[in-house]
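**Q** need a structure here:
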Amino acid sequence: MTPKQFVHAVEHALIPLADEAKAQGMKAYLLNQFEFLGLAAPVRRAAVKAIGKVKWQSSADLLAAAELLWQKPEREYRYTAVDLLRQQSAQLNVKDLPALQALLLRDAWWETVDGLSAVIAEVMHAAVQQKPNAAVTMDVWLKHPSHWVRRSAMLHQLGWRLDTDTTRLFGYATQLADEKEFFIRKAIGWALRDYARWNSQTVTEFLVQHRARLSGLTVREAAKHLTLP
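**A** This next block holds a predicted model:
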């Protein structure tokens, strides 16, 4: 199956299920910025489950399919692309990060950014296991003009558990601490909270030490399951 055939199959599966009333609600939830078919995630995923099992011969084909889905106006196609990339993230490597960043930046909002950030986290985790200095790519992303790319860099270790590079985690949090952007402040707290599940003491110590500099939102997010002195 070619990328174009794959996208046609996805359209054939999703369009008959479109629900205009639900689409309007979903559109309103994202501040009327984007179009929707009106499909809840379980419905959408069930509809394309069989199609999504296709195995791509190369990362280029996989990314081409994602790119074609991204060109569709309705957000459900992008969510399908994110699911596809996550399911087959083992085919991707650091050389594919520019393509993922390009998708991330197009009509960016938190839901597609966070979906792609989960893909990027898996790609980066595999990469640093083989070549630790692969993480310097995220150092570059942290200085990107777009706060969405910076958010993705802050979130790139989500789910790494005890493999987390704490120097980068706390270093990134410190570098971004003065930002006023809501989605950056939220991301710092999310990243810290995720790591706190595995090392609560270290995160607590960081929050206490830097509480005066971190935003209230960041501290609240990070400390949801902690008791700060």
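
**Q** distance of Glu221 from Ser215?
**A** In this structure, Glu221 lies at 9 Å from Ser215, with C-beta to C-beta, to the nearest Å as the measure. Bear in mind the C-beta positions are built from the backbone N, C-alpha and C, glycine included.

**Q** wait, I meant Tyr79
**A** Distance, Tyr79 to Ser215, using C-beta to C-beta: 30 Å.

**Q** what do Glu221 and Ser215 both touch?
**A** Here Glu221 and Ser215 have Arg185 as joint contacts, going by C-beta atoms under 8 Å, 6 or more residues apart in numbering.

**Q** so Leu207 sits against Leu226, correct?
**A** Yes. With the criterion set as C-beta atoms under 8 Å, Leu207 and Leu226 qualify as a contacting pair; they are 7.4 Å apart.

**Q** compare those two (neighbour count), which wins?
**A** Each of Leu207 and Leu226 has its neighbours counted (other C-beta atoms under 10 Å); Leu207 has more, 21 against 15.

**Q** wait, Arg78 sits on Val113?
**A** No. No contact is recorded between Arg78 and Val113 when judged using C-beta under 8 Å, the distance being 10.7 Å.

**Q** list the buried ones in stretch 79-89?
**A** 79-85, 88-89 (16 or more other C-beta atoms under 10 Å).

**Q** just name the closest of the residues you listed to Ser59, please.
**A** Each of the buried residues of stretch 79-89 was scored against Ser59 by C-beta to C-beta, and Gln88 proved nearest at 8.7 Å.

**Q** in this protein, spot the helix with the most residues.
**A** Using DSSP state H to assign secondary structure, the helix with the most residues in the chain is helix 110-130.
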